[in-house]
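Chemist: model the following, please.
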Amino acid sequence: MYNKSGNQHYSIIPSEAQLCISGCGQQESETHLFLSCTLFGHIWQLIRNWLGVYSADPGNIVDHFHQFGTSSGYGKLRCSLMHLIWFATVWEIWKERNDRIFRGQERSHYQMLEAIKLLSFWWFKAKFTVFPYCFHDWCQAPFLCAGIS
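Modeler: Numbers count the residues shown, from 1 in each chain. Sure, this is the predicted structure:
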């Protein structure tokens, strides 16, 4: 990449960005960013509300991943769908963090939620070539669209 003056420019995190981009004053770590940050951690509650799944968040990423996968039941397809949504959520949080640091752009919680719904819809649809549901259906009932009652 090159900046306006023609010099090569790299997106290197400045030292002040070691603090959480949300402005909470906490040191950024994977646990803080993805789980306990008041800004980004709230996304998980929105996701659970969307899915109609309720649970408490464990304190580390690995436990969170495992618990999230089984929070709607233990069937293989249920766990797979929940993990797909978990990865879409983590990816959107990471993209939002980078957009705030490197581009000065911010989305609201609800814009992020819609992006997670859309990304998980496309990922699920890409996995199953015969998928008769539209994005609106997915937003209303992802388990039903996945064939999970």
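
Chemist: list the contacts of T38.
Modeler: 22, 24 (Cβ atoms under 8 Å, 6 or more residues apart in numbering). Glycine gets a C-beta too; all of them are placed from N, C-alpha and C.

Chemist: give me that answer again for 6 Å
Modeler: Applying Cβ atoms under 6 Å, 6 or more residues apart in numbering, we find T38 in contact with C24.

Chemist: do W44 as well
Modeler: D57.

Chemist: ok, 8 Å please
Modeler: 35, 57, 89.

Chemist: likewise D57?
Modeler: Here D57 is in contact with 35, 41, 44, 64, 67 (Cβ under 8 Å, 6+ apart).

Chemist: if you set the cut-off to 10 Å instead, what comes out?
Modeler: 34-36, 41, 44-45, 48, 63-64, 67-68 (Cβ atoms under 10 Å, 6 or more residues apart in numbering).

Chemist: buried ones among these?
Modeler: For these, a burial check counting by 16 or more other Cβ atoms under 10 Å picks out 34-35, 41, 44, 48, 64, 68.

Chemist: just the ones in strands from the residues you listed, please.
Modeler: The members of the buried ones among the contacts of D57 all map outside strands under DSSP state E.

Chemist: between the residues you listed, which is closest to W94?
Modeler: Closest to W94 out of those is F34 (8.2 Å), distances taken as Cβ to Cβ.

Chemist: pretty sure the closest one contacts G59?
Modeler: No. The pair F34 / G59 is not scored as a contact, 11.4 Å apart, by Cβ atoms under 10 Å.

Chemist: helix/strand/coil for Y133?
Modeler: Using DSSP: H, G, I helix; E, B strand; the rest coil, the secondary structure recorded for Y133 is coil.

Chemist: tell me which residues touch the nearest residue to it once chain neighbours are set aside, please.
Modeler: Distance criterion Cβ to Cβ, 6 or more residues apart in numbering; nearest residue to Y133, sequence neighbours excluded, is C145 at 4.3 Å. Shown in contact with C145 (Cβ under 10 Å, 6+ apart): 81, 121, 124-125, 128, 131-135, 137-139.
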